[in-house]
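K.L.:
Build the 3D model from these lines:
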Amino acid sequence: MSRRIMPVLAAVTGVLLFLGVCLATTTYRGHTSVEEPQPTSDGQLIFEDAGCVMCHGYQGMGDGLLADGLETKPRDFTSFEAMKGIPDSRIRDVIRNGIAGTAMPSFKLTENQIADVISYIRSFLADSYLTIKTCINAPITIDLKTLDIDEDRGKLKLNAEHPELLDAKLVGNHIKATPNLLETYKKLRPQRVLRTHIMVYSNKTKHEKYLALIAVRIFDCIE
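P.N.:
Numbers count the residues shown, from 1 in each chain. All right, here's what the predicted structure looks like:
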């Protein structure tokens, strides 16, 4: 075998081993957008190009091509029970550092790339997914129709991932969200953008999936 081929085979093998615990699918389920078309497609691109689909599968169910051969099975990103207690900080740490004793490797990604991947992983738990951008002083208004939500207004609940940064509430047929100017300003000092989520779910059925997941990007700007 030529010396040129050996490095290529080594690289391919490395990628296959490296696939561990990443993220998946070809298009967002029920994906809609207000301000940016396909807002987190970068997360999907990284998820697929890095080979995460080989273990986690294209639908994020942990059933990728290599999954059966792994001693520690890949996490099912579509399982509410498996994902509900995992904060973004934990996912970020796993992407950066991998998981010792498993096939999950570390990835050399930028903060923005990691954030895009996390948003993509979160989208597996929602019927509809939306990303919007705002400044630290700019309130957000989202029409429920934009999210393709037909549930009765009285049966809906909101859960803000970081209520200290973003106050979110239902007002009529709209979601109103207002950044906390002081807290967001403090958090933004080391970085240019804060990322958080608003989850919309129904209180009439067992909480197994979000009706909508809204990724909010708060930028260091004033409107």
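
K.L.:
Give me the helix or strand of this structure that scores worst on average pLDDT.
P.N.:
Within the chain, judged by mean pLDDT, DSSP states H and E, the helix or strand with the poorest mean is helix 5-17; its value is a mean of 41.

K.L.:
hang on, Lys133 in a strand?
P.N.:
Yes. Lys133 forms part of a strand when assessed by DSSP: H, G, I helix; E, B strand; the rest coil.

K.L.:
Could you find the closest non-adjacent residue to it?
P.N.:
Using C-beta to C-beta, 6 or more residues apart in numbering and skipping the chain neighbours, the partner closest in space to Lys133 is Arg217 (4.7 Å). From N, CA and C alone the C-beta is placed, and that goes for glycine too.

K.L.:
Bridged to the one you found, which residues?
P.N.:
Lys133, Arg195 (DSSP bridges).

K.L.:
Test my guess that it contacts Ile136.
P.N.:
No. With contacts counted by C-beta atoms under 8 Å, Arg217 stays clear of Ile136, the gap being 11.3 Å.

K.L.:
hey, where'd the helices end up in this protein?
P.N.:
5-17, 41-49, 53-56, 80-83, 88-97, 111-123, 181-188 (DSSP state H).

K.L.:
Buried deepest among these, which one?
P.N.:
helix 53-56 (a mean of 26; mean count of other C-beta atoms under 10 Å).

K.L.:
so what's Ser79 scoring on pLDDT?
P.N.:
Predicted confidence (pLDDT) at Ser79: the value is 89.

K.L.:
I'm done for today, thanks for sticking with me.
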